[in-house]
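**Student:** Give me a model of this one.
(2 chains)
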Amino acid sequence: MKQPSLIKKGAEASLYLVDWHDRKVIMKKRLTKKYRPSKLDENIRTYRTIHEPQLMHEAKRAGVSTPTIFLVDVRNSTIVMEFITGKQVKQFLTEASKKDRQLLCFQIGELIGKLHKKGIIHGDLTTSNMILDSERKIFIVDFGLGEKTSELEARGVDLHLMKRALQSTHFRFAEECFGAVMEGYSEIIGNEKAKEILEKIKEIERRGRYVAERKA
Amino acid sequence: MRKNKQTIERYCLGIESTADDFSVGISTFKGETLANIISAYIPAEGGIHPREAARHHAEVASKVLEEAFTKSTIKPQNLSIIAFSQGPGLGPCLRTGATIARALASYLNIPLVGVNHCIAHIEIGKLKTGAKDPVTLYVSGGNTIVAAFDSGRYRVFGETLDIALGNCLDVFAREAGLHQKKGMPFGAVIERFAAKGKNLIAMPYTVKGMDASLSGLLTAAVTLLKKGEYKLEDLCYSLQETAFSMVTEVTERALAHTEKKEVLLTGGVAANKRLQSMIRAIADEHDAKFNVVPSEFAIDNGAMTAWTGILAYTHGLSTPIAESFVKLRWRLDEVEVPWVR
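**Tutor:** The predicted structure follows:
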């Protein structure tokens, strides 16, 4: 193995690009966080290292592209996975035309729908966690905060996070993008169910403090 | 000398009354705080009753105002503008402060400036620490927000999905039969107990994207408390470690996402030394400069309202009395902040 090169230092993990058995792979290493007690730190890292690959695998079965897992090393909280060459959706959305943007958001909505339909909650839906490869296929990554559940509440929070990510990063066209996401989502999950979830999102937003539409 | 200075300097009086504190601050337009008088309403039992808190504010208002004028040696006639916290907060409390602000502004015939309370916490933090463009963790009894500036506004990157961090600690303290007193709020009481705790008791750790959920943690902590099997020190320690780890993780995510080079810790819970050390650790990790607001300006205070009023006013913003109604649920990301960059 050659010297790994750090390609992304995230908040909870570092991503290294590594030559591994004649191919380029991503090594995702969850780092010890010194700020929290070691027992809590170990629990969190172990839990996420085990659950992430499981969810990624299940996502594939649901029809959502995710990098292929090659190796899981729980003791070192490290996952070795396929390296996807492409662009972050975050970057693409900023540069895309309105038409491309809407199509892409619609497709993202469909993918979220497919995940939810199979009881998979991503837990951190942002445009940085989606990669567009050279053939414009969307890969969803970073399932570290995900869980398996079909609860309406969890689905609502998942989509609420997507909406919030759009608002903080793509505030100029957040509304239009989220609208397209929900259209794609309804396509998969059905109009009735989608309406129910939209209502849930509203409820979640009202629960947070000081939202204008919350009734006292 | 003083008299000469007064003819050049301009002053703003700020009134803060969003929750349990009533405060009047006086600031020069250059950002020097001349007075920052705070009167806290401490309920005999239970949480803040909005109407009781508002009654407290009305009772102490004239005394606090007088003290602020005495302390600053500024006369009402020397003021250029009046600022007040217009929201978010508790209705009756906000209205009490707003009424006083309107009365002062019309009597003195000077402009009135409504200020967003959350933005005031960020601005006073920046003023007092020298931070220019930080990722801010604002934690108090009513708010838990990770915000950073982008294109004309402070954007919310993360926040609580339910209750605020300070609220979580306060409720637990009350359930545990602890008492707060002047200068020793619940958060400080919990911090004392936590410092003596050693055993980490497993409690729910809920981070969803950049948001945290604290209500489940509170319920679990209270349930464990009622079991009577654990030492209060260990419970406080575990509650603090778990809750603080959650908001720290969320802050670190925002820091990694925005790639900013400064972190600011502000709001009432910012006074907690343990939380400070955690946020300092992630700042170091990302080569960012750690800043924490001085404790006098961590809790709700009029100086922050005055200073934010000055920033807004000197950038062409003021609030006609007819539009000065309070906004109970005014989000900070709804506010244009033309004074930032």
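**Student:** hmm, who's touching the helix or strand hosting B:Y138?
**Tutor:** When elements are defined using DSSP states H and E, B:Y138 is found to belong to strand B:135-139. Applying CB atoms under 8 Å, 6 or more residues apart in numbering or on different chains, the external contacts of strand B:135-139 come out as B:118, B:121-122, B:125, B:144-148, B:154, B:157, B:164-166, B:247, B:251, B:254-255, B:258, B:260, B:262-270, B:275, B:279, B:288. The way it works is simple: take the backbone N, C-alpha and C, and place the C-beta from them, glycine included.
**Student:** Tell me the strands beside it, with direction?
**Tutor:** strand B:144-150 (antiparallel), strand B:262-266 (parallel) (DSSP bridges).
**Student:** And that strand, how far out from the chain middle?
**Tutor:** On the basis of CA atoms, centre = their mean, to the nearest Å, strand B:135-139 sits 10 Å off its chain's mean C-alpha point.
**Student:** and the strands paired with strand B:135-139 as a markdown table, adding mean pLDDT?
**Tutor:** Rendered in a markdown table, the data for the strands paired with strand B:135-139 read as follows (pLDDT from 0 to 100):
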| stretch | mean pLDDT |
| --- | --- |
| strand B:144-150 | 94 |
| strand B:262-266 | 98 |
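**Student:** looking at those strands, which is buried most?
**Tutor:** Ranked by mean neighbour count, those are led by strand B:262-266 with a mean of 27 (mean count of other CB atoms under 10 Å in any protein chain shown).
**Student:** if we can go back for a sec, let's see the strand holding B:Y138 as CSV, backbone CA atoms only.
**Tutor:** Listed next in CSV are the C-alpha coordinates belonging to strand B:135-139 (Å, rounded to 0.1, in the frame of the first residue of the first chain):
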residue,chain,number,x,y,z
VAL,B,135,-19.0,29.7,12.9
THR,B,136,-21.1,30.5,16.0
LEU,B,137,-22.5,28.1,18.5
TYR,B,138,-25.2,30.0,20.3
VAL,B,139,-26.5,28.1,23.3
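**Student:** Around B:K261, how many other residues sit close by?
**Tutor:** Residue neighbour count, defined by other CB atoms under 10 Å in any protein chain shown, stands at 16 for B:K261.
**Student:** can you check B:S106 too?
**Tutor:** 12.
**Student:** Same question for B:I48.
**Tutor:** Using other CB under 10 Å, B:I48 has 19 other residues around it.
**Student:** roughly how far apart are it and chain A?
**Tutor:** Summarising the geometry, the distance separating B:I48 from chain A, computed by CB to the nearest CB, to the nearest Å, is 14 Å.
**Student:** Not counting residues beside it along the chain, what's closest to that residue?
**Tutor:** With CB to CB, 6 or more residues apart in numbering or on different chains as the criterion, B:I48 has its nearest non-adjacent residue at 4.9 Å, and that residue is B:D20.
**Student:** Let's see the pLDDT reported for the residue of the stretch 1-150 of chain B found nearest chain A.
**Tutor:** Taking CB to the nearest CB as the measure, the stretch 1-150 of chain B has B:P88 as its residue closest to chain A, at 3.9 Å. pLDDT recorded at B:P88 is 95.
**Student:** Would you confirm that it contacts B:H121?
**Tutor:** No: applying CB atoms under 8 Å, one finds B:P88 not in contact with B:H121, separated by 11.5 Å.
**Student:** any shared contact partners between the two?
**Tutor:** B:N143.
**Student:** neighbour count winner among these two?
**Tutor:** Of the pair B:P88 and B:H121, B:H121 is the one with more neighbours under other CB under 10 Å, namely 32 against 24.
**Student:** what bridges to the nearest residue to the more buried one once chain neighbours are set aside?
**Tutor:** Of all residues not flanking B:H121 in the chain, B:T266 sits nearest, at 4.8 Å (CB to CB, 6+ apart). Applying DSSP bridges to B:T266 gives these bridge partners: B:Y138.
**Student:** interface residues of the stretch 101-250 of chain B facing chain A?
**Tutor:** Residues of the stretch 101-250 of chain B that fall close to chain A, judged by CB under 8 Å from any CB of the partner chain: B:142-143, B:150-151, B:153, B:155-157, B:159-164, B:200, B:202, B:205, B:207-211, B:241-242, B:245, B:248-249.
**Student:** What pairs with the worst-scoring helix or strand of chain A on mean pLDDT, parallel or antiparallel?
**Tutor:** Confidence across the helices and strands of chain A bottoms out at strand A:5-9, with a mean of 87, counting by mean pLDDT, DSSP states H and E. Pairing partners of strand A:5-9, with direction, according to DSSP bridges: strand A:13-20 (antiparallel).
**Student:** what's around the nearest residue to B:I310 once chain neighbours are set aside, how many residues?
**Tutor:** Nearest residue to B:I310, sequence neighbours excluded (CB to CB, 6+ apart): B:C12, at 4.8 Å. Here the neighbour count serves as a burial measure; for B:C12 (other CB under 10 Å) it reads 28.
**Student:** Next: B:Y41.
**Tutor:** Neighbour count for B:Y41, taken as other CB under 10 Å: 19.
**Student:** what domains does the record give for the chain?
**Tutor:** No chain was given, so I picked chain A. According to automatic domain parsing, chain A is divided into the following domains: A:5-82, A:86-207.
**Student:** wait, chain B
**Tutor:** The record's domain parsing of chain B by automatic domain parsing lists B:2-121+B:299-334, B:125-297.
**Student:** Buried ones in the strand or helix carrying A:G156, by neighbour count?
**Tutor:** Using DSSP H and E, the element containing A:G156 is helix A:152-169. By neighbour count, with 16 or more other CB atoms under 10 Å in any protein chain shown as the criterion, the buried positions of helix A:152-169 are A:154-169.
**Student:** Equivalent analysis for stretch A:111-131, please.
**Tutor:** Here stretch A:111-131 shows A:111-117, A:120-131 as buried, counting by 16+ other CB under 10 Å.
**Student:** Take those residues and keep only those in strands.
**Tutor:** Within the buried residues of stretch A:111-131, membership in strands is found for A:120-121, A:130-131, as judged by DSSP state E.
**Student:** Run a quick neighbour tally on A:K148.
**Tutor:** Applying other CB under 10 Å, we find 13 other residues in the vicinity of A:K148.
**Student:** residues contacting the residue nearest to it when sequence neighbours are not counted?
**Tutor:** Taking CB to CB, 6+ apart as the measure, A:K148 lies nearest to A:G119, with 5.5 Å between them; neighbours along the chain are not counted. Taking CB under 8 Å, 6+ apart as the definition of contact, the neighbours of A:G119 are A:148-150.
**Student:** One more: B:A173?
**Tutor:** Neighbours of B:A173 in contact, by CB under 8 Å, 6+ apart: B:180, B:186, B:189-190.
**Student:** okay, who's weakest in these by pLDDT?
**Tutor:** Comparing pLDDT over the contacts of B:A173 singles out B:Q180 as the least confident position, at 86.
**Student:** For chain A, see how far away that residue is.
**Tutor:** When distance is defined by CB to the nearest CB, B:Q180 is 21 Å away from chain A.
**Student:** what's the answer for B:A176, then?
**Tutor:** Using CB to the nearest CB, which is the criterion applied here, B:A176 is 21 Å from chain A.
**Student:** Strands along chain A, start to end?
**Tutor:** Taking DSSP E as the criterion, chain A contains strands spanning A:5-9, A:13-20, A:23-30, A:69-73, A:78-82, A:86-88, A:120-121, A:130-133, A:138-140, A:147-148.
**Student:** Pick the most deeply packed of the ones you listed.
**Tutor:** Each of the strands of chain A was given a mean neighbour count from mean count of other CB under 10 Å, and the largest, a mean of 26, is that of strand A:120-121.
**Student:** next one: that one to chain centre, how far?
**Tutor:** Once both centres are worked out by CA atoms, centre = their mean, strand A:120-121 turns out to sit 10 Å from its chain's centre.
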